[in-house]
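**Q** Give the three-dimensional model of this entry:
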Amino acid sequence: MMVEVIDAKGLVLGRLSTYVAKRLLREMDLQLAIINADKAIVSGNRKMVIESYIDRRRLNHQRKGPYFPRQPDRILKRTVRGMLPIKLPKGRQAFKRLKVYIGIPTELAKEKTTKVKVAMKDNLEHFVELGEISKALGAKFQEG
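**A** Down below sits the predicted model:
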């Protein structure tokens, strides 16, 4: 199985997620690994973006859900999951082939990363890093 590594540093979360979801559905022998999830960005006014994530997190119920994550790698993975047909077998299989990491893990440090030009920020003035959103949600993680 082919492993492809994508560096999320400076990439827009939504654009990256759609790109990844399409690739996973199209190529069934592809395994994707996304590194530097905490450096991905969400476009928009800083205060409004953080408030919307906090509101989403408040919807949580311990036993019933819906469950919204705090960690940046899990937020990115959840965003991709929302763009996959997770109730169908092909969507579940595609989701299992996705790995997301905070920072750069040692086993992927020497791998060549793929550039995703579609997801690059194009002169965005207002944006927030995913790591900053996670810290506002109360996550504790070590930056890579």
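**Q** In contact with the most centrally placed residue in the chain, which residues?
**A** Central residue check for the chain by C-alpha atoms, centre = their mean: the C-alpha nearest the mean position is that of L76, 1.9 Å away. Contacts for L76 were tallied using C-beta atoms under 8 Å, 6 or more residues apart in numbering; they are 8, 13, 16-17, 34, 37, 40, 100, 130. Using the backbone N, CA and C atoms, a C-beta is placed for each residue, glycine as well.
**Q** how many neighbours does R57 have?
**A** With neighbours defined by other C-beta atoms under 10 Å, the count for R57 comes to 16.
**Q** Tell me if I'm right that N60 and F68 touch.
**A** Yes: judged on C-beta atoms under 8 Å, N60 makes contact with F68 at a distance of 6.0 Å.
**Q** quick one, which of those two is more surrounded?
**A** Neighbours per residue, other C-beta under 10 Å: of N60 and F68, the larger number sits with F68, 17 against 13.
**Q** sec struct for that one, please.
**A** For F68, the secondary-structure state derived from DSSP: H, G, I helix; E, B strand; the rest coil is coil.
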